[in-house]
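coords below, sequence missing:
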């Protein structure tokens, strides 16, 4: 049977590493699926990498790498894709909120000829109302901006080797993995799953981090916010035109009144649009600046002994 690589981004997940390895090993060995587990420690400040080293020594099917600092989940995913040797590559969370029992089903679908197997959330599990609302708003905004249905999407996917190679050939530094698999195309099928409870630790995502994640991914994947600048300019012109006509009509009819309030409101509206537009343009300039510098997506400071080749600092 073909080798299945499983990429597992890990940030401060010391308590989950051994349990995740044990659960995945049990399922994959029971299903007789050849596998390798690739843990990427994203600059963790706890003992995550040491835990990865320990399970790697006990299980030769486990690989690991440590970033020199925190580069983010997107960088971790692409580092794992770079290290993966399998004919099929899955990506899942270290906390097992992506149910590992779904992996054999995804693998069978890949064997049937599907090149992208998308994990789609049927239920979000036990989350606070505020977090559910903020996450729902995040995905609706993302869906509208990038013109793809992201409402139930996740990073839980299984990709054929040819899809992985396409993603690794992309030159951009700022990537959005879950949207790029939609963009790449290929023969796709969806598998529903229910988000599981974490056994150890707590989620690293807050409302602020979700907003920052959304802003970064929208500007790296879509130009729609730039078109919003033009839309706001048109609205400003229309408001100015309406107020101008109103003022002229009152003047000609002899009913002109002092326009101090109107002028102030007009200045505030136009000023707000201008500042928002400058902010949007500035964010895109920052993305361009980062891309032009050509720095790597990540820097690997350490790897486990069973990782072959010189990949430290690989972009």
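Done, it's in. No experiment lies behind these values; they were computed from the predicted model shown. Residues are numbered from 1 along each chain as shown.

For the chain, just list every one of the strands.
Under the criterion DSSP state E, strands of the chain are mapped to 4-10, 35-41, 62-67, 88-91, 116-123, 157-160, 188-194, 300-303.

how much space between residue 113 and residue 88?
Distance, residue 113 to residue 88, using C-beta to C-beta, to the nearest Å: 12 Å. Where you see a C-beta, it was placed from the backbone N, CA and C, and this is true even at glycine.

Just want to know which of those two has more residues nearby.
For the pair residue 113 and residue 88, the greater number of neighbours falls to residue 88 (24 against 9), based on other C-beta atoms under 10 Å.

For that one, give the beta-bridge partners.
residue 4, residue 160 (DSSP bridges).

Tell me who's in contact with it.
Contacts were defined as C-beta atoms under 8 Å, 6 or more residues apart in numbering; by that measure residue 88 touches 2-5, 107, 110, 158-161.

Let me see the ranges of the helices in the stretch 1-150 of the chain.
For the stretch 1-150 of the chain, helices defined by DSSP state H, counting those that start in this stretch occupy the ranges 17-30, 48-58, 73-83, 103-111, 129-146.

pretty sure residue 194 contacts residue 122?
Yes: using C-beta atoms under 8 Å, residue 194 is in contact with residue 122, at 5.5 Å.

can I see the domain layout of this protein?
For the chain, the structural domains run 4-135+150-205+296-303, 224-293, going by automatic domain parsing.

Mean pLDDT added to those domains, as CSV?
Formatted as CSV, these follow (pLDDT from 0 to 100):
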stretch, mean pLDDT
domain 4-135+150-205+296-303, 85
domain 224-293, 71
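
and among these, the most buried is which?
Among the domains of the chain, ranked by average contacts under mean count of other C-beta atoms under 10 Å, first place goes to domain 4-135+150-205+296-303 (a mean of 19).

Pull the distance from it to the chain's centre.
Averaging C-alpha positions (C-alpha atoms, centre = their mean, to the nearest Å) puts domain 4-135+150-205+296-303 12 Å from its chain's average.

Do me a favour and get the end-to-end distance for it?
Separation of the first and last residues of domain 4-135+150-205+296-303 by C-alpha to C-alpha, to the nearest Å is 20 Å.

Distance of residue 275 relative to residue 241?
22 Å.

if we can go back for a sec, nearest to residue 245, out of the contacts of residue 88: which one, please.
Nearest to residue 245 out of those is residue 159 (C-beta to C-beta; 57.7 Å).

show me what contacts that closest one?
Neighbouring residues of residue 159 by C-beta under 8 Å, 6+ apart: 88-91, 115-117, 167, 181.
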